[in-house]
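Undergrad: predicted model and sequence follow; I will ask about them next.
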Amino acid sequence: LLASSGLLLLCVVASEVWDAETKSREFVCNRVARRALNIVPEMNSALLPCTELHIATWENKSDQEKRGDIVASLRLLVEGVKVVRAPIQARCEATLLQRLENNINNYLLILTRLQLSQGSVMSPTLSCVPRSTQSLRAVLLSYSQLISGKLERFMVNLEDTCTTQ
């Protein structure tokens, strides 16, 4: 019912805009036509994790806490990718976002299966309040910052374990 009423509204809007486009004078005089032109489809907002890295605070966290922060951030980010991808119909963008989602899921698998020697298993928690966006660019930037920041720093810290095994 909702989809059909949305389609009906779109058809009404399209007919109003068509009349307005073909008759400039009527567009100036027809408030309904002008308002119809201003209708913007609703986009859901994606929540993005914090990607800022405060070195001193990060270094004071246990490996379990670091992993929990990264896992929670990746989970939030993968949901954000899904939200941004839903309305996209361009094949290139949809393919890019599908690959991004697959990469995030791969990181999640690796991190959740990673055996850490110290401490008990902690549930993933975000280190700060997520921010909201509707921008594909913001999602891509958040991914890049998370991977090159927190995740890379965490992996560098764990490299010490490579020599002992």
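TA: Okay, I see it.
Undergrad: need the helix or strand of this protein with the lowest average pLDDT.
TA: Within the chain, confidence by mean pLDDT, DSSP states H and E is lowest for helix 2-22 among all helices and strands, at a mean of 40.
Undergrad: how near is residue 61 to residue 70?
TA: Distance, residue 61 to residue 70, by Cβ to Cβ, to the nearest Å: 11 Å. Heads up, the C-betas are built off the backbone N, CA and C, glycines and all.
Undergrad: quick one: contacts of stretch 90-99?
TA: Stretch 90-99 has contacts (Cβ atoms under 8 Å, 6 or more residues apart in numbering) with 81, 84, 85, 88, 136.
Undergrad: any chance of the residues you listed in JSON lines, plus neighbour count?
TA: As requested, these are arranged in JSON lines below (neighbours: other Cβ atoms under 10 Å):
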{"residue": "81", "neighbour count": "27"}
{"residue": "84", "neighbour count": "25"}
{"residue": "85", "neighbour count": "19"}
{"residue": "88", "neighbour count": "14"}
{"residue": "136", "neighbour count": "17"}
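Undergrad: among those residues, which ones are in helices?
TA: Cross-referencing those against helices under DSSP state H gives 81, 84, 85, 136.
Undergrad: contacts only, for the spatially most central residue of the chain.
TA: Nearest to the geometric centre of the chain sits residue 80, at 2.7 Å (Cα atoms, centre = their mean). Contact partners of residue 80, counting by Cβ under 8 Å, 6+ apart, are 46, 47, 48, 133, 139, 142.
Undergrad: try 6 Å this time
TA: By Cβ atoms under 6 Å, 6 or more residues apart in numbering, the contact set of residue 80 is 46, 47, 48, 139.
Undergrad: again with residue 124
TA: Residue 124 touches 68, 71, 72, counting by Cβ under 6 Å, 6+ apart.
Undergrad: same thing but at 10 Å, please
TA: Contact analysis of residue 124 by Cβ atoms under 10 Å, 6 or more residues apart in numbering lists 64-65, 67-76, 108, 111-112.
Undergrad: which pLDDT value belongs to it?
TA: Note for residue 124: predicted pLDDT of 77.
Undergrad: got it, and the one 5 residues further on?
TA: Residue 129 is assigned a pLDDT of 83 by the prediction.
Undergrad: ok, so what distance separates the closest residue in space to it that isn't next to it in sequence from residue 100?
TA: Nearest residue to residue 129, sequence neighbours excluded (Cβ to Cβ, 6 or more residues apart in numbering): residue 50, at 7.5 Å. Residue 50 is 19 Å from residue 100, where distance means Cβ to Cβ.
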